[in-house]
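> structure for the following, please:
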Amino acid sequence: MPQNDFGAQQREHPDPTEKDRPIPWYVLLGVGVALAWAISYILTVRDDDPALGDRRTISTLQAKAGGTAGAGGAVDGAQVYAAQCVACHQASGAGLPGVFPPLAGSEWVTGAENVAASILLHGVTGKLTVKGSAYNGQMPPFKDKLSDAEIAAVLSHIRSNFGNSAAKVAPDTVKAARDATAARKDPFNGDEDLAKLAKPAN
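Numbering: from 1, shown residues only. Got it, this is the predicted structure:
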């Protein structure tokens, strides 16, 4: 080996190597204390308030007995609306322009109770005019899906929200509408049928 090459090797630093350097004891102690605090926090801190996100308990998340029934066994109209109506009419009740009519300010919603109940019972198809705009779609019937109490609750919710201020609807009103239209097999034919239904009986 030439002398110059040997000298160059002697001047180079050795290659770096890993050494066995254990984690300092105070770091391990800090991690242990933090872990112990986290476990004790999870085991001791409980709050059933659903607004607190992940701090809810299993009992809070479990479905309440009675389905859509709220406090005191009353049906929760907002819950029925969220389950059955919100997909089309939206959470705001504004519907979708040109597709699904709005419930906010709708003359069919705030008008005669028996008409509103009959619409939910049997559904609507064909041309329907709401707030001066024509819609031509189809609303499904709920007569076989919802009870009189559930329909009354969701109607009461709709008639008192989204800027509406109509009176609540009683289950007896829905039952009367169900009985009066029991022979109907098909949905109402939009404006044409509903206009006849809205006329007071002579």
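> what about whichever helix or strand Leu29 is part of, average pLDDT?
Following DSSP states H and E, one finds Leu29 within helix 25-44. Per-residue pLDDT values across helix 25-44 average out to 88.
> quick one: it to chain centroid distance?
Taking C-alpha atoms, centre = their mean, to the nearest Å, one finds helix 25-44 lying 39 Å from the centre of the chain it belongs to.
> before we move on, what about stretch 95-114?
20 Å.
> let's have the chain start at 11 instead
That works, and once the first residue is 11, the last one we named lands at stretch 105-124.
> in that stretch, what's buried?
For stretch 105-124, burial by neighbour count (16 or more other C-beta atoms under 10 Å) applies to 105, 110-114, 116, 118-120, 122-124. For the C-beta atoms, the positions are set from N, CA and C on the backbone; glycine is no exception.
> centroid residue for this structure?
Ala92 (4.8 Å; C-alpha atoms, centre = their mean).
> quick one: which of the buried residues of stretch 105-124 is nearest to Ala159?
Glu123 (14.7 Å; C-beta to C-beta).
> chain neighbours aside, what residue packs nearest to Pro111?
Nearest non-adjacent residue to Pro111, counting by C-beta to C-beta, 6 or more residues apart in numbering: Val140, 3.9 Å away.
> now Ala159: how far from Tyr51?
Ala159 is 44 Å from Tyr51, where distance means C-beta to C-beta, to the nearest Å.
> which of those two has more neighbours?
A count of neighbours by other C-beta atoms under 10 Å puts Ala159 above the other of Ala159 and Tyr51, at 19 against 9.
> so that one sits in a strand?
No: Ala159 is assigned helix when assessed by DSSP: H, G, I helix; E, B strand; the rest coil, not a strand.
> that one reaches Gly87, doesn't it?
No: if you go by C-beta atoms under 8 Å, Ala159 and Gly87 don't touch, sitting 9.9 Å apart.
> still on that earlier bit, what sits against the residue nearest to the centre of the chain?
Each residue near Ala92 by C-beta atoms under 8 Å, 6 or more residues apart in numbering is listed here: Ala101.
> doesn't it belong to a helix?
Yes: using three-state DSSP, the assignment for Ala92 is a helix.
> for Phe172, see how far away Gly105 is.
With C-beta to C-beta as the criterion, Gly105 and Phe172 are 10 Å apart.
> how many neighbours does the nearest residue to Leu113 once chain neighbours are set aside have?
Excluding its sequence neighbours, the residue lying closest to Leu113 (C-beta to C-beta, 6+ apart) is Gly103, at 4.2 Å. Gly103: 21 surrounding residues under other C-beta under 10 Å.
> again, but for Lys195
By the measure other C-beta under 10 Å, the count of residues near Lys195 is 7.
> cool, Ile161 as well?
Ile161: 29 neighbours (other C-beta under 10 Å).
> that one contacts Thr183, correct?
No: with contact defined as C-beta under 8 Å, Ile161 does not reach Thr183; the gap is 9.4 Å.
> anything in contact with each of these two?
In contact with both Ile161 and Thr183: Ala127, using C-beta under 8 Å, 6+ apart.
> what sits against Leu207?
Counting by C-beta under 8 Å, 6+ apart, Leu207 touches Asn124, Val125, Ser128, Phe198.
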